[in-house]
Structures are given as structure tokens and as C-alpha cells.
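**Q** Curious how this folds, go ahead:
(chains A and B)
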Amino acid sequence: MPDNNNDSASDADGGVKPAVLPVLGDKPESPPIIALLGNPNAGKTTLFNSLTGLRAKTANFPGTTVDYRHGAITIGEQKFSIIDLPGAYSLEATSPEEEVTRDYLNNDDADMVLVVVDATHLQRNLFLVSQLLELQTPIVVALNMIDAATSQGLKINVQKLQKELGCPVVAISAKTGENIPQLKTVITNQFEHGCETAVSKDVCGSCKGCQFAARYDWAESVSNSAVDRSGVTKDPSKATLAIDKVVTHPVIGLACFAAVGLLTFMFIFWFASFPMEWMDWLFGTAGEVIGSWLPEGDFQGLVTEGIIGGVGGMLIFLPQIMILFFMISLLEDSGYLARAAFVMDRLMYKVGLPGKAFVPMLSAHACAIPAIMATKVIDDKQDRLKTILILPLMTCSARLPVYAMVVAILFPSQPIFAALTFAVAYSLGIIVALIIAFIFKMTILPGETKPLVIELPPYRFPSFRNAFLTSVDRAKMFIKKAGTVILLFSIGLWFLATYPKTNEADLTAAQSQQLAELRSQGEIAKNEATSKQSGIESDDADQESGEEEKTPSELYLESIESENSLAGQIGKTVQPVFAPLGYDWKLTVGIINSFAAREVVVSTLAILYGTSEDGLTESLKSAKNPDGSKVFTTATCLSVLVFFIFAMQCLPTSAVVKRETGGWYWAIFQIVYMTVLAYGLAFIAYRIGLMF
Amino acid sequence: MPMAIAIQRQALSDLSVPQQITISELDLPEEQAIRLKVMGICEGRTIKLIQVGSPMVVEVCGSHVGLSRRVTDGVIVKPR
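**A** From the prediction side, this is the model:
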């Protein structure tokens, strides 16, 4: 919230605001606050971006999960703070966003309201204006999309509109920048010459019956008197209608949505893979370089594995987050998103989810984090929560290395079965998510979803600038809000996996003997290689890569260190719990280590089995229980696969859930229910697997 | 007679042809009714039915609004 607190707004007793700029709270030097408000689709975000650009920041209304953007602008000498309030059709709060907007305005926190009005839908937009005119705050109306109105043949008499409303009106185009300087002048003039509260329009005071109808009647009469429609040659809604016939058709519409959704998903998936690879490389290299600067020891391990590893593991999600929000912003701007919600609503309603939940659900197949952040499109609090709770059941990209590992053991040379396994894994995630949503609807989150009431805005060419700024904004928010938690947990997990340390003196006689054997074998191999190379021209590349690879004795020592660490000890202690799923203690440690990030299980198993990640499949296939039986039987593989499909092993996701639900309660509930679900279904899978 | 009542209380979702209609009543829980009123779908106002079925599309105040059946069941229209 801005610096002025509620105490400063004590003129809520109905007193009229002073003619000159009010002194704000306990910080007299803080700039006046302009609240930007408008209907959804009126171009509010475009105007905000055009006024503030990259200088905008995102914050959170205290005590809520609603975000707002704010930025500083300077017009002439005067500095202003501009706040982008969530879009609203009215000051009647029917969503958490509208509630925040209403409270903010009722608190008199703003010194001026800049209301963005869509010139092509004046009547609808004037409804909100009618409510704002009754507030004690001065208003400036930005009549946006005037270019679109003109090209439609609409002639708007701005002077007349100004007179009707009793407050300044500036016709602008936020997209092209038309008349933005004039708008700025009007804003400063308002402050310099004293803000006058608009002439109070008693739109509704005397009317009987429905105040809404009265307001709309007023909006209609104002719009009719200010807009000359005689020049309208063709109905712009005709093209929209023609497209809508197809994209909102019960069957064709679904196919269209499936196509758009799949394309979006593939785009995120494919396009993000490049920056993700670069980042992976970058953090790997940074770890190595910084590690080489630091003296060997625990501090080096903490920095390279705990901090750089942890931060890298979090930042790797950024490309997907940014691309997803870029795409969502484009789809939303174009008007398609509303249509997609429209066609999906009937299907989703049956399981207790709103139509709008489909975008997050689709996105969750790339990564649950941006998906959870995208649930903001859902108006109803409970519907939003339900969606957040099931999203991590979708197969995200971090599960793929685990699936790949299991599939490589199960079907090493049967690509068709391998592909089928992947398809089943994806489908299971979706089906179970829908079932769980239904169960939540019947139990802890009862009640119907909010029925669909959605404006289908005209199709427009989307703004790439808006999309870019939105994605940057979301990325910043993720780093800021999830970063600290993730960093702390990664350091904690590093600690568990590292301590207590194992000295060679602590090894058992058998372990020492094996280590000595591996070392002597290594020596022999090394000597052979050197003698071979002495006669031949040395090959630098080969030698280098040879140096990087860990020797069998080093890998063996690492596996013992890992076994003796706290994580290893916990794994051994907890193993009986996972025994019914067919897991040995190493797999149990893998499960524990992958609590923060599921893909970690692959590297953990590689360490525990004393092998490199490339050789992991072979090692796992030949892994034996103490009684000589194979660990990775078909039953165990199925059980591991099912466990990873359903388990919530992603700390960054939990951090985001905490943020979006406003506390740890639901984040912890989610971890618990998903773990229980994963355990139960993995047990069933194991039992079924044993039958074959 | 129940039959007569049924005819009198024709809901938006009962209509099967795109047409212009006037709303006589919103028989919905308050929160849902407010959501509709805010969009301009309130007693006494005239709206245009664009696409029938579920969800339905209506034109109100120059813009198109999609409404699910659960809502249109409660929008009672004036008999013509």
C-alpha cells in the first residue's frame, strides 16, 4: 500500500477533500497518488505501461493475496505515484480483486482517480463512472481507444461528455500514445489548480427499484447524447460474431481450444528448453568456477551445492514462467481467453472447477509454478483454491527425467512401450486431478463453482509490449516471493546430505578393503593409459574429459559418505515405511532428497549407487537387495513411477502456493494429501506389478 | 395452475431463438444476481439474445456476455 495509512484518510466522515493537494499521512513529502481504474478490457494496463514503462513494481495489498502494480511518474516538476487497481465492472465487490479496489477507494487512499473508459463501449464503461462520481475523490476520465472508435465511425463529443460527467475527459489511445501528453497536462492542472470533486451525480438516489438499472439508464442517456452513431457504416461485432460462431461452438470450439492450448503448451515447452539449458550450463559453470576460487572444504560445498545449486534450481523455472505469462497475456489481449473459458466451463463445472481453470491446468504440464500464479484469472476464492490444490498433479517437466529413468529400466529397447508409459503418466495425472477436484467439491470445499458470467470482448490485435512487461513482472514476483524460502530449504537439505562427514578412518573393514581394491584397479588403469599415451601424440580433449570423470574409488567413497550422512541415516530409519512400496533404503533416501525438487532423485540415486548419471540405468538394473533379489523389478519400477506422478516434491511450488493462498496452511495440506495419495497409489501399483 | 405459472415465468434458458427480450426478474442468489446486474442484466432492461444453448451469449450495452445455464435459468423474461 502507499505510504499514507488509513489514519490519514480520517476524512471518511464525509468531509469534503481540501481543494489543494492533501497532505499525505505521516510523510508529507510523498507524491500524490493517482489510482488507475477501469473495466476489464478497457486498456487500463496499456495506459499504465505507457505511463510508467519498466519502472513499475508489483506489490501486495496487505492482508490479501491480491497484487497491484505501482510506479512513479514525473509530469513537469511534479512527481506522482500511480497505482494500477485491479480491473472492475463496478464497486460492488464480487471477487477478491474488486473487494480490494472498493476498499481502497472507500478508504480515500487515492488523491485522484484516473478512470479508463473504452470509447467503443461507452455505455457499459459509464456504469463504473457513475459510481466513482459519487466518491469524494477527484476524477479524470481517459477516453481510451478513441482511434478504434473513430475507425468504427463513432463520433464522440468530448465536450458534451465532459459536461454531462462534470469532470475532465481526455480522448486518448494508450496503444498509439495519442493525446497522452494532453492527459498528463490535465492531470497536473487538476493538482495545480486544486482538485475539485466532480459534480456529484445523483444517479440513483431518487430512483426506486433497481439501482443498477437506474445507473445503466443514466449511462445509456449520457452515451446517447455524447455519441453520434450516424457515421457507423458497418457493425464491428459482425466479424467477432462470425469468429465466435466457430470458437464458441460446443464441439468445434473445444477442438479449437485443444489446438490453441496444445500449441501454447508446446511453445512453452519447446521454447523454454533453450534458455533452461543455458541456465543449467551457466549455474554448473558458475559452481565450478566459484568452487575453484574457494578453498576446498565445507564452505565451498555450501556455496557451490547449497547456494548456487539452490538458486539455480529455482531460476531454472524462470523461462517457463516468463513464456507462459507472455502467451497468456497475448491470448487474453486478443480476446480469445474469454472464449476458451466459455467453451470449457460446461465440462469443468461437472468436476467442480470453473472454466477458467483450464489455462492453469494446461500450463501446469510445463511447470506448476506459473500455473499457480495464473489462477488469478479465477474470480472466486474457493474455485481458485481448488484449482491450486490439484495443479501439481499434472505432469510437469521436472518429472520427465524420473519417468525417463524408470522407462529406461522397464523398456530399454521398446520405444513404443516407452512412449505409451509417458502417455499413461500424463493421462493419470489429469484424470486423478479431476477426481480429486470432485472429491474436494464433495468434502472440504463444498458448493458449486461460481456460474460463468463473462464478457466476450471484441477481438483485438494483442500488445507484445504488454505481454513482455507482464512476463518480466511475474518473473520478478516469483524471485522475490519464492526466493528466500527456497534458498533456506536448499541450504537445509545440503546440510542433511553433507553431515556428519565420513573420514576414511570411519569406514568398516569391508568398506576399506573394497576402497583399496578400487584404488589399486584405478592405479593400474591409469598407468596403462599413461604408458599408451606416451608413445602416441597426446589428445588434449580426451585427457581433459578423462580428468573430469570421477574414478570408481571416488564414486564409491561418495556413496558411503552419502549413506552415513543425516539424509542417509534418515533414509535407513524411514525405509520400513517405504518397504510396502518395494523401495530399498537408497530409493528412500532418493525420495527424501527429492522433497525439494523431484528431479534430484536421479542424481541422488547415482551417488548412492556409486555411479555416474549416464551409467545409472545399468547400475539400477543390477542393484540387489541384501537377500540377492533384484531391487528394480517391474513392480518397483511401476511403484516409483506412480509415486512420482502424484507426489508433491517441489519446494518452489509450495512456496508459491503459500504466497497465493496467503499462508502455509494450504501449502502443507497439499504436501500431505499428495504424499498420501502418491503412497497409496504407488502401493496399489506395486501390488498389481507383483502379480505379473 | 402450475402450467400457467410455468408459462408466465419464462426463463432466458427456455428461449430457443435469438431475439430481443426484456428482463422482468432475477431469481438468483444475491451474489449471482449482483454479478449480472453489474454487467447490465437487470430488471426492466432490454438485452439481445445472440447465441442460444449453454452457455448462452447475450448482447448487453453493446458488448457480448457469456452466461452459463445455471445463471440463465434464473433470468426471468417479460412475456412478449
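**Q** Quick check, residue A:677 in contact with residue A:439.
**A** No. Counting by C-beta atoms under 8 Å, residue A:677 stays clear of residue A:439, with 10.2 Å between them. No exception for glycine: its C-beta is placed from N, CA and C like everyone else's.
**Q** of those two, who's got more company?
**A** Neighbours per residue (other C-beta atoms under 10 Å in any protein chain shown) separate residue A:677 from residue A:439, with residue A:677 holding more: 19 against 15.
**Q** doesn't residue A:72 fall inside a helix?
**A** No. Residue A:72 sits outside any helix when classified using DSSP: H, G, I helix; E, B strand; the rest coil, being strand.
**Q** pLDDT below threshold where in chain B?
**A** Applying pLDDT under 70 to chain B picks out residues B:1-8.
**Q** which parts of it sit against chain A?
**A** Contact residues (C-beta under 8 Å from any C-beta of the partner chain) of chain B with chain A: B:31-32, B:34-40, B:42-45, B:50-51, B:53-55, B:57, B:59-71.
**Q** Kindly recompute the last result at 7 Å.
**A** Chain B comes close to chain A at residues B:31-32, B:34-40, B:42-45, B:51, B:53-55, B:57, B:61-68, B:70-71, as judged by C-beta under 7 Å from any C-beta of the partner chain.
**Q** which of the residues you listed count as buried?
**A** Neighbour counting over the residues of chain B next to chain A (16 or more other C-beta atoms under 10 Å in any protein chain shown) leaves B:32, B:34-40, B:42-45, B:51, B:54-55, B:57, B:61-68, B:70-71 as the buried ones.
**Q** Among those, which ones are in helices?
**A** Among those, the members falling in helices (DSSP state H) are B:32, B:34, B:35, B:36, B:37, B:38, B:70, B:71.
**Q** Let me know the closest of the residues you listed to residue A:638.
**A** The closest of these to residue A:638 turns out to be residue B:70 (C-beta to C-beta; 41.4 Å).
**Q** Apart from its neighbours in sequence, what residue is nearest the closest one?
**A** Counting by C-beta to C-beta, 6 or more residues apart in numbering or on different chains, residue A:451 is the residue found nearest to residue B:70 once chain neighbours are left out, at 4.0 Å.
**Q** for residue A:487, same thing?
**A** Distances taken as C-beta to C-beta, 6+ apart place residue A:310 nearest to residue A:487, at 5.4 Å, with adjacent residues excluded.
**Q** Return the list of helices and strands in contact with the helix or strand where that neighbour lies.
**A** Per DSSP states H and E: residue A:310 is located in helix A:309-315. Packing contacts for helix A:309-315, counted by 3 or more C-beta pairs under 7 Å, 6 or more residues apart in numbering or on different chains; DSSP states H and E, involve helix A:252-293, helix A:464-498.
**Q** Need the winner for burial among those.
**A** Across the helices and strands packed on helix A:309-315, averaging neighbours per residue (mean count of other C-beta atoms under 10 Å in any protein chain shown) puts helix A:464-498 on top, at a mean of 18.
**Q** Quick one: mean pLDDT over the helix or strand just after it.
**A** Reading on from helix A:464-498 to the C-terminus, the next helix or strand found by DSSP H and E is helix A:509-535. The average pLDDT within helix A:509-535 is 79.
**Q** If you count contacts, what does helix A:509-535 end up packed against?
**A** Secondary elements touching helix A:509-535 (3+ C-beta pairs under 7 Å, 6+ apart): helix A:552-564.
**Q** Could you export the helix it packs on as PDB, CA atoms only?
**A** Output of helix A:552-564 as PDB, limited to C-alpha atoms (Å, rounded to 0.1, in the frame of the first residue of the first chain):
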ATOM      1  CA  PRO A 552      35.300 -45.700  -9.300                       C
ATOM      2  CA  SER A 553      37.000 -45.300  -6.000                       C
ATOM      3  CA  GLU A 554      35.800 -41.700  -5.700                       C
ATOM      4  CA  LEU A 555      32.300 -42.700  -6.600                       C
ATOM      5  CA  TYR A 556      32.400 -45.500  -4.100                       C
ATOM      6  CA  LEU A 557      33.600 -43.100  -1.300                       C
ATOM      7  CA  GLU A 558      30.800 -40.600  -2.200                       C
ATOM      8  CA  SER A 559      28.200 -43.400  -1.900                       C
ATOM      9  CA  ILE A 560      29.500 -44.200   1.600                       C
ATOM     10  CA  GLU A 561      29.600 -40.600   2.600                       C
ATOM     11  CA  SER A 562      26.000 -40.200   1.400                       C
ATOM     12  CA  GLU A 563      25.000 -43.400   3.300                       C
ATOM     13  CA  ASN A 564      26.400 -42.000   6.500                       C
END
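**Q** Now tell me what touches it from outside.
**A** Here helix A:552-564 makes contact (C-beta atoms under 7 Å, 6 or more residues apart in numbering or on different chains) with A:497, A:500, A:502, A:507, A:511, A:514-515, A:518-519, A:522, A:568, A:607-611.
**Q** re the thing from before, a markdown table for the helices and strands packed on helix A:309-315, including mean pLDDT and distance to residue A:41?
**A** As requested, these are exported to a markdown table (pLDDT from 0 to 100; distance: least, C-beta to C-beta, whole Å):
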| stretch | mean pLDDT | distance to residue A:41 |
| --- | --- | --- |
| helix A:252-293 | 85 | 19 |
| helix A:464-498 | 81 | 12 |
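**Q** would residue A:110 count as being in a strand?
**A** No. Remark: residue A:110 does not belong to a strand; assigned using three-state DSSP, it is coil.
**Q** May I ask you to confirm that it is in contact with residue A:35?
**A** Yes. Using C-beta atoms under 7 Å, residue A:110 makes contact with residue A:35 at a distance of 3.6 Å.
**Q** List the residues that are in contact with both of these two.
**A** Between them, residue A:110 and residue A:35 share these contacting residues under C-beta under 7 Å, 6+ apart: residue A:83.
**Q** This completes my enquiry, with thanks.
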